Each structure stands twice: as C-alpha cells, then as structure tokens.
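Participant: 3D, please:
(4 chains)
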There are 2 protein chains.
Amino acid sequence: MDAMGIDDPPRLGLRERKKAKTRAAIQEQALRLFREQGYEETSVEVIAEAAEVSPSTVFRYFPTKPDLVIYDDLDDRMIEAFRAQPPDLTAVQALRAAFLSSFGGLAGEELALQRERELLMRSVPELREAMLGEFARTVRAIAELVAERTGRAADDDAVLALAGAVIGLSIAAWFASDGDDWTARFLERMDTGMALLESGLRL
Amino acid sequence: MDAMGIDDPPRLGLRERKKAKTRAAIQEQALRLFREQGYEETSVEVIAEAAEVSPSTVFRYFPTKPDLVIYDDLDDRMIEAFRAQPPDLTAVQALRAAFLSSFGGLAGEELALQRERELLMRSVPELREAMLGEFARTVRAIAELVAERTGRAADDDAVLALAGAVIGLSIAAWFASDGDDWTARFLERMDTGMALLESGLRL
DNA sequence: CTAGTATCTGATATAGGCTCTCATTTGCAT
DNA sequence: ATGCAAATGAGAGCCTATATCAGATACTAG
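Facilitator: Residues are numbered from 1 along each chain as shown, chains lettered A, B, ... in the order given. Take a look at the predicted model:
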C-alpha cells in the first residue's frame, strides 16, 4: 500500500486507512452531486446518504459545507517544491519554478478534478469567499518560506509585500482567466505576473 | 418629530429619511452589541429587538449578518481620489497618493468606527472571509481605473498584475499589522509595499 | 380632505447549516 | 478474549436566511 519511510510510524493501521477512504468517498460523492444538481441545491443530508454515512459524520470530516470543495493538498506540494529549489535562485524565481512544477505536474485524472473544483469555486459565492480565506492563510505560509530562504524576518516589510503580491496575483489571475483553456491562461498570467513583480511594475 | 429642514433636498421624502434612520439604527445597535458581547454570541433576533424592529426588517436592510459590519464607502472615496491625481504620475504613484489621502483623511469619530469594524473583521472568521470577498471585487475596480489611466486594456496582463498585487499587499498588511497603532502600521506597510512594487521585488 | 396606490413592515412557516450530547459499535492492544 | 480508545449514528436544538401574506404607513390624484 504505502512505502514505509525510515521513521514512518508503523502505527498506520487499518483505522487510518478506513478514515481516509471514508473521507475520500464523502468528498467524491459531494463533488458529483454538486456537478449534477448544483451546490446550493444539494443538502448535506443527501451527500451523507450517497456516501452511506450519517450527516454527523460528514460534518466530522468537513466542518463546513464549503470544506467539501475547498480541501486541497496543492499548498503542501508547492511548499515542498519551493524548498527543493536551488539556493542560487532569487525568492521570486524559486516561487515561479515551484509554481510551475507543482501545477504543471498534474495528471489527467487529477487535473479534471481540479477543474471541477475550480469551476465551483468561481461560480458559487459562498465557495469563492471560503477560498479567499484559504488564500489569506497562504500569505503567512509564503512569507515564512521566503523569510527562511532569504534570512529575513517573516514580518519584514519586503517579505510581506512579496507574499501578499503573489497571493494578489493569483486572485487576479483566478478571476480574470476564463473559458476552456483556463488552466493554461492561469499559469501564464501567474508566470508573467511574477516576472513583473521582480522587474518592477512601472505603468 | 423633526424640524423641517429648510434646505433639505426637496425630493427626499419622509419615507426615505425614515429608511435611512432605521438602517443606521440597526447597524449602530448591531455594532454596539457585537462590541459588548461578541459577534457570534449576538443573534439577529436580539439586534432586531434592540433596534425596535422585527427580524424580517433586519434581513431586509442587511441580507446577511456579515453585511451589518462590512458595509463601507471607503472604496468609492478611493476611486474618487485616484481619478483626482495629476496625470503625470505613474499608476502606482497615483495609487499611493489616493490611498494616503483617503485613509489619512479620516475624522476622529469616523476613525473610531473604522477601528471597531477592523477589529471585528480581523477576529471573526466569518467576517474575515466576507471582507476578502469585498477585496476580490475591488481587484476589478482597480484594474479598470489603471486601465483607464494608462490606456491599456482592463484584462492586460500587467494591469491585472498590478491590481492583484496591490490587493494582495493590503491583505498581507491587514493581517500582519497589530496592536494599538494598527492604522499607522497598515498605512506604512501599504506605502512601502507599493514602492517596492514599482521598483521591483528582488529578494 | 378623501380615496387609491405603492411600499414598508411584522408575523408566521419553513428549510437547511451547524453544534452538541449520548449511546452504540468498531478497531486496536495487551 | 477483554478492556480501552476512537469512530459512528441518531436526534434535539439553535440560528441564519427566505418566502408569503396581511396590515400599516406614506405618497398622490381628484
């Protein structure tokens, strides 16, 4: 099932796997129902029924309804990719590379899922706001990464400015891009945007 | 009840004034109760009671509970200030000036109200997300203003990057600043951040 | 001044999100 | 196998939010 890390706890029992499975099942059914009959039109009760659990259980795994769509591990992957960048790159360059490698390396299956989530998050106001909340949390994460790399403090003005600007870039690119080639346009906008951040936005 | 305003706008009927009064009363009571006993701890029903209206009426004026705190006209003032900037400034310089003049020119009474709202929006997750939704909407507004000033398209990559970066800056500064001199720190961070946007973020 | 009209208001009913508690079941270790 | 800890299901209950409908209130025309 899973390769054991060196000090990977042997305590990864059946229980944990069952939890992961239940969690995945709930989210999968939720996304399917959202796609088929809309987000607001789908009650948590119906989702629970489809996933063959009780409503209580749904809320135990996903504290709020938006979480059914929002939950994501892309951030973790990007953090990993960022740390893996060679140290001679500037912070912005490392961010660009990390961004491209983590977003570009999406398999077909996974990409379709992302697109589905993206569509929901853009069209349903409630989800849009929840996602922005995630973004805000990400600012801190990026600031810490950049601080770590540059040796500056995490609340340094320039570090914060960079982290904020990158997040803002993604917000703008997220809502501006459109149509079938959304992913491509989004990546493109992010990349050119980050380049502009480094060279200076002189308009 | 109230003396006839001799130079009151003639076409502003009694009905309209009553509406504005009710609206103000509701919001005022809401903010007071939120301050005294917390946001989540205050139900809309209690607010309605304090403002001497029915719960239905509260929701008629403020469609959602967060709206009781979020409503704001600072954006409009900033747009006005931006348009008033001399055309020889760069877009970023004009933004900096507009920002300073609209935020710096807050009266004592108004400033206190803003601080109260700011505190709520930072501490209550629900309000934080609602505010971020406002921010996202603002991206488009800024992009259009910058486009208008520079003669570029509103969906131009650089224009979007600038608008997004500025919003991201404000998100970062909003959550990073802290303590008593919050307003001052916030303004300071925004100003240095925008300067960095123009000169380039080379870390 | 009166009657008619539009709008605002309040009461009620309802749905659905979300929290909490408690009893039961299930996985896990000795 | 047995005791412990965790996960689950069932249900009650609160609150936000919406829709409807009847009654009250301000505007307007005659």
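
Participant: hey, let's count contacts and neighbours off CA atoms from now on
Facilitator: Noted.

Participant: In chain A, spot the helix with the most residues.
Facilitator: helix A:125-150 (DSSP state H).

Participant: and that helix, what does it pack onto?
Facilitator: helix A:67-70, helix A:74-83, helix A:91-104, helix A:108-123, helix A:157-176, helix B:125-150, helix B:157-176 (3 or more Cα pairs under 8 Å, 6 or more residues apart in numbering or on different chains; DSSP states H and E).

Participant: want to throw those helices into a markdown table with mean neighbour count?
Facilitator: Listed next are the helices and strands packed on helix A:125-150 as a markdown table, based on neighbours: other Cα atoms under 10 Å in any protein chain shown:
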| stretch | mean neighbour count |
| --- | --- |
| helix A:67-70 | 20 |
| helix A:74-83 | 16 |
| helix A:91-104 | 19 |
| helix A:108-123 | 15 |
| helix A:157-176 | 26 |
| helix B:125-150 | 20 |
| helix B:157-176 | 26 |
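
Participant: Ok, which of these comes nearest A:V44?
Facilitator: helix A:67-70 (9.8 Å; Cα to Cα).

Participant: contact partners of the helix or strand bottoming out on mean pLDDT in chain A?
Facilitator: The helix or strand of chain A with the poorest confidence is helix A:108-123; it has a mean of 86 (mean pLDDT, DSSP states H and E). By Cα atoms under 8 Å, 6 or more residues apart in numbering or on different chains, the list of residues contacting helix A:108-123 from outside reads A:31, A:35, A:39, A:69-70, A:127-128, A:131, A:175, A:183.

Participant: For those residues, work out which two are farthest apart.
Facilitator: Maximum pairwise distance among these (Cα to Cα): 22.1 Å, between A:Y39 and A:T183.

Participant: Break chain A down into its structural domains.
Facilitator: The record's domain parsing of chain A by automatic domain parsing lists A:14-63, A:72-199.

Participant: coming back round to it: out of the helices and strands packed on helix A:125-150, which comes closest to DNA strand D?
Facilitator: helix B:125-150 (9.4 Å; Cα to the nearest atom of the strand).

Participant: Quick one: mean pLDDT over that closest one.
Facilitator: Average pLDDT, helix B:125-150: 92.

Participant: Could you check how far that helix is from the centre of its chain?
Facilitator: 10 Å (Cα atoms, centre = their mean, to the nearest Å).

Participant: ok, now stretch A:94-101?
Facilitator: Its chain's average C-alpha position is 14 Å from that of stretch A:94-101, according to Cα atoms, centre = their mean.

Participant: and that stretch, is it in reach of chain B?
Facilitator: No: judged by Cα under 8 Å from any Cα of the partner chain, stretch A:94-101 stays clear of chain B, getting no closer than 10.3 Å.

Participant: Can you list the neighbours in contact with that stretch?
Facilitator: By Cα under 8 Å, 6+ apart, stretch A:94-101 touches A:78-79, A:81-82, A:85-86, A:187, A:191, A:194.
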